[in-house]
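J.: coords below, sequence missing:
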């Protein structure tokens, strides 16, 4: 039976310590709701942390959409989707998510995912985003861009807006 | 923790009754082993049957790699991956599987998947395939093509070759 | 023999009049240099205008990377590449270009292309971009983001940096 | 103005001497008709030969759809489309062609392209194909599969069926 999926996008190598902490808490909360955690699947930065957080909860499910077969996959990913499409897989990440959370200090990959998610009709949460990212996407995405400060607030608004069922 | 994935490919609209029955039994057996069932995710033919079979078993997990957001998705799919890549998603189907089973009377989509799986280094089982499909892929794939007659035999050989761990 | 390719990205339905005028002039100048014009290929906005501009010059070559077979293709496109990958084709647009010019008021598609181009190691020109787009990408792309005001300046800097040979 | 495109698919590393000779003659004939030659773009086998043949004719145009940015590209390719999608790019090869010619002893990549071309509604010529490839696709593709023995016959039938205009 169809399970709700939260896509968590964020920096890999360039992730700040704060981004990583937000991601780990967010993963735990997503799993507590019984939702699936979807990420880019690599073993670094926000991708690694959100999966680690989710796997703290028994019975959680994590899906990683990998750029290539040779990617260093996060060991906390349960199901690996191997695309061999490199950054074009970013579009699959967001289209496969009921809602997208951009977590932390967005790099170029995350910015492309926010843009593709909005273009694909998704609601995007900006969690702990920098000033410039917020300014651009507030302008482009209007009410489908939700700026949040904490993982707890993110989950609360996802529930209130009934984005995951 | 990484879970083993069996990709089951086969005809949609043009599936024979026999193909559908093979797929349903195969899905049940995959789920009994605790393996994930991966398919093209649409609500027709082999895709529908293999997911229905898997969901007869409690705790099973089914993943569907959909051609587009508007595809008619099988309700027995737990996790939907939305590619918006149409038939180019066939390459993702096979690369994301530890082993690929082509189930029933192969149409053009399935033939492309067998070829892409072999090119991607996967072992491919031909379950109930017609003469012409077997002749071509036996020639092209050598020992990585395994011709089988029943779902039970498929599972047994997957285990013997340790393709899913 | 390998020909130099300038990728011109920009809004479709939401293009401003100014964006369209910049695109048409830019297309003409690219063609005058003997470079190939590459775009998203649809018959609207910046895509339409840049191809129309290029085809004012005899012997020019225009390539359109179409999202789908049913896209409304610009009649000034000489060679159509049909991807059936929808917005994931944005990554192909930028990877196939020696240099990328984001022309006019960037929408979500163009923002994804700028981000993917930078991630793919390309130099990106922002021609007539709005304040927020410039602020974000200046921060993310550093010296690989070149802010320009006119098509003439764009061509001059492409030549000075020897980006098209 | 839209130009007619003939997609020529065939083996790379495993190409027979005969396949290479057929491809070179075919490329020359396609160029003589003023049609664009589209291939997988790599510098080996049928891909290399068809482009070399086309470039014997002044004013010819060759397009190569490359699997990745690091592919060894054929120097006779005029316009490189860089997909970074590896074998999933096979679907783009066939969808971007008005007609597809599978040239020589088909390997797994070519078999996937024939299947994807038929699924995408294209007419496919099998030029010098082996027995097993012909048997399978004759069965699957019916009247959209044309078995030919020479490049000359291929061009003649493309014209008779008005597949390139």
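T.: That came through fine. No experiment lies behind these values; they were computed from the predicted model shown.
J.: so residue A:50, which state does it fall into?
T.: Three-state call for residue A:50 (DSSP: H, G, I helix; E, B strand; the rest coil): helix.
J.: quick one: it from residue C:61, how far?
T.: Using CB to CB, to the nearest Å, one obtains 45 Å as the distance from residue A:50 to residue C:61. Placement of C-beta: from N, CA and C, glycine included.
J.: which one's more surrounded, those two?
T.: Between residue A:50 and residue C:61, counted using other CB atoms under 10 Å in any protein chain shown, residue A:50 has the larger neighbour count: 35 against 23.
J.: wait, what's in contact with the more buried one?
T.: Residue A:50 is in contact with A:8, A:10, A:23-24, A:26-27, A:30, A:37, A:39, A:103, counting by CB atoms under 8 Å, 6 or more residues apart in numbering or on different chains.
J.: report the two of those residues separated the most.
T.: Farthest-apart pair in these is A:10 and A:30; separation 13.4 Å (CB to CB).
J.: residues from chain A in reach of chain C?
T.: Residues of chain A lying close to chain C (CB under 8 Å from any CB of the partner chain) are A:85-92, A:107-109, A:111-112, A:115-116, A:118-120, A:130, A:132-133, A:135-136, A:139-141.
J.: narrow those residues to just the buried residues.
T.: For the residues of chain A next to chain C, a burial check counting by 16 or more other CB atoms under 10 Å in any protein chain shown picks out A:85-92, A:107-109, A:111-112, A:115-116, A:118-120, A:132-133, A:135-136, A:140-141.
J.: from the residues you listed, which land in strands?
T.: In strands, judged by DSSP state E, none of those are found.
J.: so after the longest helix along chain A, what's the next helix or strand?
T.: In chain A, with assignment by DSSP state H, the single longest helix is helix A:17-32. The first helix or strand that comes after helix A:17-32 along the chain, using DSSP states H and E, is strand A:36-39.
J.: what's that next one packed up against?
T.: strand A:5-9, helix A:17-32, helix A:45-54, strand A:62-66 (3 or more CB pairs under 8 Å, 6 or more residues apart in numbering or on different chains; DSSP states H and E).
J.: from the buried ones among the residues of chain A next to chain C, which land in helices?
T.: Of these, the ones assigned to helices by DSSP H are A:89-92, A:108-109, A:111-112, A:115-116, A:118-119, A:132-133, A:135-136, A:140-141.
J.: identify the bridge partners of residue A:127.
T.: residue A:103, residue A:148 (DSSP bridges).
J.: could I get the pLDDT score of it?
T.: If you check residue A:127, the pLDDT there is 98.
J.: any idea how far it is from chain B?
T.: 23 Å (CB to the nearest CB, to the nearest Å).
J.: that residue: what's it in contact with?
T.: Contacts of residue A:127 by CB under 8 Å, 6+ apart are A:22, A:26, A:101-104, A:148-151, A:154.
J.: of these, which is the most crowded?
T.: So for these (other CB under 10 Å), the most neighbours sit at residue A:103, 34 neighbours.
J.: if we can go back for a sec, next, the buried residues of the longest helix of chain A.
T.: Buried-residue list, helix A:17-32, by 16+ other CB under 10 Å: A:19-31.
J.: which ones are touching the closest residue to residue A:4 other than its chain neighbours?
T.: Among residues not flanking residue A:4 along the chain, residue A:164 sits closest, at 3.6 Å (CB to CB, 6 or more residues apart in numbering or on different chains). Residue A:164 makes contact with A:4-6, A:33, A:35, A:98-99, A:158 under the criterion CB under 8 Å, 6+ apart.
J.: and the residues you listed, which is closest to chain D?
T.: Using CB to the nearest CB, residue A:5 comes nearest to chain D of the contacts of residue A:164, at 22.4 Å.
J.: for the closest one, which non-adjacent residue is spatially closest?
T.: Nearest to residue A:5 is residue A:36, by CB to CB, 6+ apart, at 4.5 Å.
J.: wouldn't the one you found be in contact with residue A:62 here?
T.: Yes - Residue A:36 lies in contact with residue A:62 (CB atoms under 8 Å); the separation is 7.3 Å.
J.: which residues does residue A:152 contact?
T.: Each residue near residue A:152 by CB under 8 Å, 6+ apart is listed here: A:25, A:29.
J.: find me the pLDDT at it, would you?
T.: 98.
J.: secondary structure element for it?
T.: Going by DSSP H and E, residue A:152 is in helix A:151-160.
J.: report the buried residues of that helix.
T.: Across helix A:151-160, burial judged by 16+ other CB under 10 Å covers A:151, A:154-155, A:158.
J.: now swap in stretch A:61-81 and tell me
T.: So stretch A:61-81, judged by 16+ other CB under 10 Å, has buried residues A:61-67, A:71, A:73-74, A:76-81.
J.: near chain B, which residues of chain A?
T.: A:1-3, A:5, A:36, A:55, A:61, A:63, A:65, A:69, A:73, A:75-85, A:91-92, A:95-96, A:120.
J.: enumerate the residues of chain A near chain D.
T.: A:83-88.
J.: pull the most distant pair out of these.
T.: Farthest pair in the residues of chain A next to chain D, by CB to CB: A:84 and A:87, 11.8 Å.
J.: as CSV, the contacts of residue A:164 with distance to residue A:46 and pLDDT would be great.
T.: Output for the contacts of residue A:164, formatted as CSV (distance: CB to CB, whole Å; pLDDT from 0 to 100):
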residue, distance to residue A:46, pLDDT
A:4, 20, 98
A:5, 17, 98
A:6, 13, 98
A:33, 19, 98
A:35, 17, 98
A:98, 19, 98
A:99, 16, 98
A:158, 18, 98
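J.: emit the ChimeraX select command for whichever of these are buried.
T.: Only the buried entries of the contacts of residue A:164 go into this ChimeraX selection, using 16+ other CB under 10 Å:
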select /A:4,5,6,35,98,99,158
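J.: ok, so of the contacts of residue A:164, who is nearest residue A:45?
T.: Residue A:45 lies nearest to residue A:6 out of those, by CB to CB, at 17.3 Å.
J.: and that closest one, what are its bridge partners?
T.: residue A:37, residue A:99.
J.: quick one: contacts for it?
T.: A:30, A:35-38, A:97-101, A:158, A:164.
J.: how far away is residue A:40 from residue D:90?
T.: With CB to CB as the criterion, residue A:40 and residue D:90 are 24 Å apart.
J.: can I assume residue A:15 sits in a helix?
T.: No - with three-state DSSP as the criterion, residue A:15 is located in coil rather than a helix.
J.: per-residue pLDDT, it?
T.: 95.
J.: which residues touch the closest residue to it other than its chain neighbours?
T.: Closest residue to residue A:15 apart from its sequence neighbours, by CB to CB, 6+ apart: residue A:45 at 3.3 Å. Applying CB under 8 Å, 6+ apart, we find residue A:45 in contact with A:10-15, A:19-20, A:23.
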